[in-house]
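Asks: I would like the atomic coordinates for the input below:
(one chain, ligands or ions: 1)
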Amino acid sequence: MLGIFDSGIGGLTVAREIKKIRPNQPLVYFGDTARCPWGDKKARTIKRYTEEITEFLIGRGAREIVIACNTSAALAEKYLQKRFPCVRFHNVIDPVIARIGAELKNNKKSFLKIGVIGTRATVQSGIFKRRLKILGKNVSVSARACPRLVPLIEKGETDKKIPGLVLAGYLSDFRKNPVDYLILGCTHYPLLKKPIQEILGKKIKIIGSDRETARAIEKNIPAGFKAKRKDVFYFSRLDSRKRELIQKIMGRKVLIKEKPWKD
Ligand code: DGL
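Replies: The predicted structure is shown next:
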């Protein structure tokens, strides 16, 4: 059983790609919609949330867990690995760094500009800058926190006027001073990939963690599982709009359950 978690619906972008590559891989997902967004919270709070959710997923049979949340991977992965040595954790940052590394090798330019967008906590952690700088090519990395995006995406507002304006504001520096690659350093952002590409134009290559992580999972987790178990998608708060949104992102009817959480 593969566990996946996120602060909300963002990790579904990763779950969806994993199911495309491995339709028979049983999944148990947890989205902490009641306490989302996490990106403005303190590191110790994010660690506590991820610890609770990991315990829950282990209780549901998960021994391989995808931290489908950049914020949590940036701040809590080392802690989780120490706390739960019986679990193999996978994150959404390593596969993106590996992909950029491969891109850089094939790119003839001697100097490359990389942009990163993410939550406040992810950007403040400096994880992308640190990891990209050691890839061994001349790169400049500029990161921008976009704290208003996750709440809008959680409401399902991805194609309306206001998110478009908010997004254009966040991306204005990357438009004025174009980068070669833009990393979507939050698993919610692939849901805005189309408007982001429209704002930035086709020359900027957008790299998200959804596909990259699914490919890494395909490589790293053996496929010898029993396919009989049904996928379950737990969320700490649900309403009918959220249920619809989850089905829409997954592109099919999935089993959704509410698991309320005391804070
Ligand atoms: N999807 C989470 C991430 O990748 C969003 C965190 C939040 O809730 O702010 O960082």
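
Asks: for the stretch 1-150 of the chain, what spans make up the strands?
Replies: According to DSSP state E, counting those that start in this stretch, the stretch 1-150 of the chain carries its strands in the segments 2-6, 27-31, 64-67, 88-91, 111-118, 138-145.

Asks: out of those, nearest to residue 184?
Replies: Residue 184 lies closest to strand 111-118 among the strands of the stretch 1-150 of the chain, at 6.4 Å (C-beta to C-beta). C-beta: built from backbone N, CA, C; applies to glycine.

Asks: and the closest one, average pLDDT?
Replies: Throughout strand 111-118, pLDDT has a mean value of 95.

Asks: Tell me what the nearest residue to residue 144 once chain neighbours are set aside is bridged to.
Replies: Closest residue in space to residue 144, ignoring its immediate chain neighbours: residue 117 at 5.2 Å, by C-beta to C-beta, 6 or more residues apart in numbering. Following DSSP bridges, residue 117 is listed with bridge partners residue 144, residue 184.

Asks: circling back: which one of the strands of the stretch 1-150 of the chain lies nearest to the ligand?
Replies: Proximity to the ligand (C-beta to the nearest ligand atom) singles out strand 2-6 among the strands of the stretch 1-150 of the chain, at 4.9 Å.

Asks: Tell me which residue lies nearest the centroid of this protein.
Replies: The chain has residue 187 as the residue nearest its centroid, 2.3 Å off, counting by C-alpha atoms, centre = their mean.

Asks: and the lowest-mean-pLDDT helix or strand in the chain with strand 138-145, angle?
Replies: Least confident element among the helices and strands of the chain, by mean pLDDT, DSSP states H and E: helix 161-176 (a mean of 90). Using axes from the mean of the first three to the mean of the last three C-alpha atoms, to 10 degrees, the direction of helix 161-176 lies 160 degrees away from that of strand 138-145.

Asks: Distance from helix 161-176 to the middle of the chain?
Replies: Relative to the mean C-alpha coordinate of its chain, helix 161-176 is positioned 20 Å out (C-alpha atoms, centre = their mean, to the nearest Å).

Asks: what residues does it touch?
Replies: The contact list for helix 161-176 (C-beta atoms under 8 Å, 6 or more residues apart in numbering) reads 115, 117, 142, 144, 146, 148-149, 152-153, 157, 182, 192, 195-196, 199-201, 204.

Asks: If we use 6 Å, what do you get?
Replies: Outside helix 161-176, the residues within contact range by C-beta atoms under 6 Å, 6 or more residues apart in numbering are 115, 144, 146, 148, 152, 157, 195, 199.

Asks: got it, and stretch 223-241?
Replies: 24, 26-34, 254-259, 261.

Asks: Of these, which ones also sit close to the ligand?
Replies: Residues of the contacts of stretch 223-241 in contact with the ligand (C-beta under 6 Å from any ligand atom): none.

Asks: ok, of those, which come out buried?
Replies: 26-34, 254, 256, 259, 261 (16 or more other C-beta atoms under 10 Å).

Asks: Adding pLDDT as columns, could you present those in CSV?
Replies: Formatted as CSV, the buried ones among the contacts of stretch 223-241 follow (pLDDT from 0 to 100):
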residue, pLDDT
26, 93
27, 96
28, 97
29, 98
30, 98
31, 98
32, 98
33, 98
34, 97
254, 97
256, 98
259, 96
261, 83
